[in-house]
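Novice: Show me how the following folds:
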Amino acid sequence: MLRIARLLTAALTLAVLPAAGAAQSSTPTAAPIIAPQPVMERRPAPSPAPAPARVEPDPWLLSYAGLGNRTARANLSQIDRALVPYGSSYTRLPAEDRVRVRQAFEGILPRQSFSRYEVSEPQARAIAYLALGPWERLGRSGDCDGPRRGIGRTRCGEALDSMSRDAAWIHSTILSMGRSARRRPHTEELNDLRAMTEHARQMVVQNSGCGCHAAREDAEALFAATRDAVDAYQRSSMPAWMSLGDARIERIARLSDSLERTYLRCLGS
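Specialist: A predicted model of the protein is given here:
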């Protein structure tokens with residue numbers, strides 16, 4: 001009996017174990033809970049700020065500030081006096097106009113240093129003229145009747161005064177090319193002759209507008225004489241007094257001296 005009871009117990013145990021295993025395997029297992037990972041937002045790197053435009057220092061003002069540089073200070077004073085008809089001075093000019101003035105200096109006086117070469121009054125006027133043109137262009141209109149920028153004298157009066165100064169510059173400069181004058185480089189004398197031609201051309205243009213008819217014939221003759229002098233000097237490698245000759249130099253000097261006097265008479269009338 002005891003053996004039979006043990007066999008029944010073993011049989012029951014084998015019957016119960018597969019059912020329990022099946023029930024246990026059918027029970028769904030809970031999936032593990034995974035926390036969401038934070039999404040990293042990629043932001044573009046900020047672009048660097050544009051560098052400020054570099055402003056080049058003015059070489060003339062730097063040389064002016066140099067200790068003991070009396071030549072640069074004297075030259076700037078000459079340039080300022082030449083800019084009086086323009087109603088300005090070198091330091092008050094816009095940056096682009098100051099560049100033109102420095103370029104005109106290099107054109108009239110090549111290979112010369114502003115801090116070493118002493119600029120004469122006629123040369124300063126020529127530099128201002130070549131850089132900025134005739135100061136009459138600063139007026140609002142091309143007529144010669146109205147006042148310019150509130151100045152008491154009319155634009156025509158200022159034009160006559162400017163032309164008289166230009167005639168005086170031509171007179172002194174052409175005499176500096178004579179037989180007894182100091183020799184200068186060929187390029188420097190050629191630039192002076194070209195500046196004379198430009199001054200004479202402006203005289204021809206402005207005479208009719210400002211009513212100084214007495215100067216018309218001499219201005220046209222001076223323009224023709226200076227153009228002829230430029231052509232003759234360009235074809236020669238000799239000094240000016242040899243290339244131009246005494247007669248041509250004397251003619252330009254006489255015409256320019258006569259024009260200076262004529263413009264002053266028209267200005268006073």
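
Novice: Give me the distance between the two termini of stretch 60-76.
Specialist: 8 Å (Cα to Cα, to the nearest Å).

Novice: Tell me which stretches of the stretch 151-269 of the chain form helices.
Specialist: 155-175, 186-210, 216-234, 240-268 (DSSP state H, counting those that start in this stretch).

Novice: Return the set of buried residues in the last one.
Specialist: By that I understand helix 240-268. 240-241, 243-244, 248-249, 251-260, 262-264, 266-267 (16 or more other Cβ atoms under 10 Å). In short, each C-beta sits where N, CA and C put it, glycine included.

Novice: Switch the helices of the stretch 151-269 of the chain over to JSON lines; also include distance to Pro59 and mean pLDDT.
Specialist: Formatted as JSON lines, these follow (distance: least, Cβ to Cβ, whole Å; pLDDT from 0 to 100):
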{"stretch": "helix 155-175", "distance to Pro59": "26", "mean pLDDT": "86"}
{"stretch": "helix 186-210", "distance to Pro59": "21", "mean pLDDT": "83"}
{"stretch": "helix 216-234", "distance to Pro59": "30", "mean pLDDT": "89"}
{"stretch": "helix 240-268", "distance to Pro59": "30", "mean pLDDT": "86"}
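
Novice: Relative to Val101, which of those helices is closest?
Specialist: helix 186-210 (14.3 Å; Cβ to Cβ).

Novice: list the helices and strands the closest one packs on?
Specialist: Judged by 3 or more Cβ pairs under 8 Å, 6 or more residues apart in numbering; DSSP states H and E, helix 186-210 is in contact with helix 95-108, helix 121-132, helix 155-175, helix 216-234, helix 240-268.

Novice: That helix to helix 240-268, inter-axis angle?
Specialist: 20 degrees (axes from the mean of the first three to the mean of the last three Cα atoms, to 10 degrees).

Novice: Also compute the angle for helix 186-210 relative to helix 121-132, please.
Specialist: Going by the same axes, to 10 degrees, helix 186-210 makes 70 degrees with helix 121-132.

Novice: the inter-axis angle of helix 186-210 versus helix 155-175?
Specialist: 150 degrees.

Novice: List the buried residues for helix 186-210?
Specialist: So for helix 186-210, counting by 16+ other Cβ under 10 Å, buried means 186, 189-200, 202-204, 206-207, 210.

Novice: repeat for stretch 163-173
Specialist: So stretch 163-173, judged by 16+ other Cβ under 10 Å, has buried residues Met163, Ser164, Arg165, Asp166, Ala167, Ala168, Trp169, Ile170, His171, Thr173.

Novice: What of stretch 219-233?
Specialist: Ala219, Ala221, Leu222, Phe223, Ala225, Thr226, Arg227, Ala229, Val230, Tyr233.

Novice: Format those as CSV; extra columns: distance to Phe114.
Specialist: Listed next are the buried residues of stretch 219-233 as CSV, based on distance: Cβ to Cβ, whole Å:
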residue, distance to Phe114
Ala219, 33
Ala221, 36
Leu222, 30
Phe223, 31
Ala225, 32
Thr226, 27
Arg227, 30
Ala229, 28
Val230, 26
Tyr233, 26
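
Novice: Looking at these, which one is closest to Arg155?
Specialist: Nearest member of the buried residues of stretch 219-233 to Arg155, counting by Cβ to Cβ, is Ala219, at 18.3 Å.

Novice: Low-confidence regions, the stretch 51-200 of the chain specifically.
Specialist: 51-56, 63-68, 135-154, 181 (pLDDT under 70).

Novice: follow-up on the earlier one: of all the helices and strands packed on helix 186-210, which one is nearest Gln78?
Specialist: Of all these, helix 121-132 comes closest under Cβ to Cβ, at 4.0 Å.

Novice: what is the orientation angle of the closest one with helix 95-108?
Specialist: 130 degrees.

Novice: packing partners for helix 121-132?
Specialist: helix 70-82, helix 95-108, helix 155-175, helix 186-210.
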